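Asker: When you get a sec, could you give me coordinates for this:
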Amino acid sequence: MVLTRFLGGELVTVLGGLDTTRVLGPWRGRRPAERRRRAKFAPVLYGAEHAHDDHAELCLLLAGRCHFSFDQKGCALEPGDLVICPAGQSHAESWRQRGESYRLAWWNLHAQEPTLHVTHYARRGGFSLVHQLSLAALPAETRGRLDTLRALAAAKTVPDVEALKEALLTLTLALYRRALEGGEAQLDTRAQLVRRAAEYVRAEAQRPLSLAEVARAVHVSPNYLTGLFRATTGVPLGRFVLEERIALAQRRLQAPDATVKGVAIELGFADPFSFSRAFKRVTGRAPQAWRAGAVGKT
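Answerer: Residues are numbered from 1 along each chain as shown. Just a heads-up that it's a prediction; the model follows:
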């Protein structure tokens, strides 16, 4: 989807139709499961306990239908619904029916790395990250609307819908102008997201890493990150994590006093057997045989 057409057309239109009946959140009587049809939530993207302790998120259903879990209670969202998820609030999405597509816009209100990202689920292709736009580089006056959104998300009462719309539309139009002036490529931060994920894996390769942990570090869901990572690099994220850990193991095995058991323990493998199996999966050789050849060449 062309970014300028999305920002200046679809997103502005959907936000313009926002009213009090569409704003859902943690307030009594306005929780998603209280205002929308209850539905059993089956976690297919991430678990219902998913939450961000350090920032709030706003989720807008742009098109299609999906199931949504809020405080681990499931419901069926309707197009145009905006769900406000305060920091620490558990929330998750999933398809309503496996073949039924939908699109969501997420405002991630992280203090240092606020973003607007658009996600899509389709029967063919599964979950994908369509756009990832940084809000940190917008003019200072416009960025002030992020503080407005943070305050509204943290409020004890239902937010004023006009203040909410004004903040969201101001941010959207600022992105639209930036895309028109500087081109869409300079706004798209998906490549940066992949790079940051790779940097995090390399920095933390000395210990076991789950895909969920890597995704949390860059503030997106595991499925969206893994799909984007593979599409960008050609390598599955899980394979990349394993290769980086084995590359570190190879460097440590070259030390004169290194042992296979010792390196396995240092890197947090369950036992030497698990380490050897992972090592051979990447290098094609058992660690002891690899070490003998590597040390013999030095």
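Asker: what are the ranges of the helices in the stretch 101-250 of the chain?
Answerer: Assignment of helices within the stretch 101-250 of the chain using DSSP state H, counting those that start in this stretch yields the ranges 140-154, 161-182, 190-203, 211-217, 222-233, 237-253.
Asker: Which of those comes out lowest on mean pLDDT?
Answerer: Ranked on mean pLDDT, the bottom entry among the helices of the stretch 101-250 of the chain is helix 222-233, at a mean of 86.
Asker: Could you list the buried residues of stretch 79-88?
Answerer: Along stretch 79-88, the positions that meet the burial threshold by neighbour count (16 or more other Cβ atoms under 10 Å) are Pro79, Gly80, Asp81, Leu82, Val83, Ile84, Cys85, Pro86, Ala87. Glycine gets a C-beta too; all of them are placed from N, C-alpha and C.
Asker: Over to stretch 31-48?
Answerer: For stretch 31-48, burial by neighbour count (16+ other Cβ under 10 Å) applies to Arg31, Pro32, Ala33, Arg35, Arg36, Ala39, Phe41, Leu45, Tyr46, Ala48.
Asker: Could you report the separation of the fourth one from Asp188?
Answerer: In other words, Arg35. If you measure Arg35 against Asp188 using Cβ to Cβ, to the nearest Å, the figure is 34 Å.
Asker: if we can go back for a sec, for the helices of the stretch 101-250 of the chain, which one sits closest to Thr4?
Answerer: helix 161-182 (5.0 Å; Cβ to Cβ).
Asker: Among the buried residues of stretch 31-48, pick out the one closest to Thr232, please.
Answerer: Thr232 has its nearest neighbour among the buried residues of stretch 31-48 in Leu45, at 19.3 Å by Cβ to Cβ.
Asker: Let me see the ranges of the strands in the chain.
Answerer: Counting by DSSP state E, the chain forms strands over residues 23-24, 57-64, 66-70, 73-77, 82-85, 91-95, 102-108, 115-122, 126-134, given from the N-terminal end onward.
Asker: closest one to Arg145 among those?
Answerer: Closest of those to Arg145 is strand 102-108, at 10.2 Å (criterion: Cβ to Cβ).
Asker: In its sheet, which strands sit next to that closest one, and in what direction?
Answerer: Sheet pairing here is set by DSSP bridges, and for strand 102-108 it gives strand 57-64 (antiparallel), strand 115-122 (antiparallel).
Asker: Mind splitting this structure into its structural domains?
Answerer: 3-191, 200-297 (automatic domain parsing).
Asker: What separation do you get for the one residue sitting closest to the centre of the chain and Gly262?
Answerer: With distances taken as Cα atoms, centre = their mean, the residue of the chain nearest its centroid is Val220 (1.0 Å). With distances defined as Cβ to Cβ, the gap from Val220 to Gly262 amounts to 36 Å.
Asker: Please apply the same query to Pro208.
Answerer: Using Cβ to Cβ, we find Pro208 at a distance of 17 Å from Gly262.
Asker: and of the buried residues of stretch 79-88, the nearest to Arg230?
Answerer: Proximity of these to Arg230, judged by Cβ to Cβ, is greatest for Cys85, which lies at 27.2 Å.
Asker: Pull up the gap between the closest one and His52, please.
Answerer: For Cys85 relative to His52 (Cβ to Cβ), the value is 8 Å.
Asker: Phe41 too?
Answerer: If you measure Phe41 against His52 using Cβ to Cβ, the figure is 18 Å.
Asker: Ser101 now?
Answerer: Taking Cβ to Cβ as the measure, Ser101 falls 25 Å from His52.
Asker: cool, Leu109 as well?
Answerer: Between Leu109 and His52 the distance, using Cβ to Cβ, works out to 9 Å.
Asker: Spatially nearest residue to Arg36, not counting backbone neighbours?
Answerer: Of all residues not flanking Arg36 in the chain, Cys75 sits nearest, at 4.1 Å (Cβ to Cβ, 6 or more residues apart in numbering).
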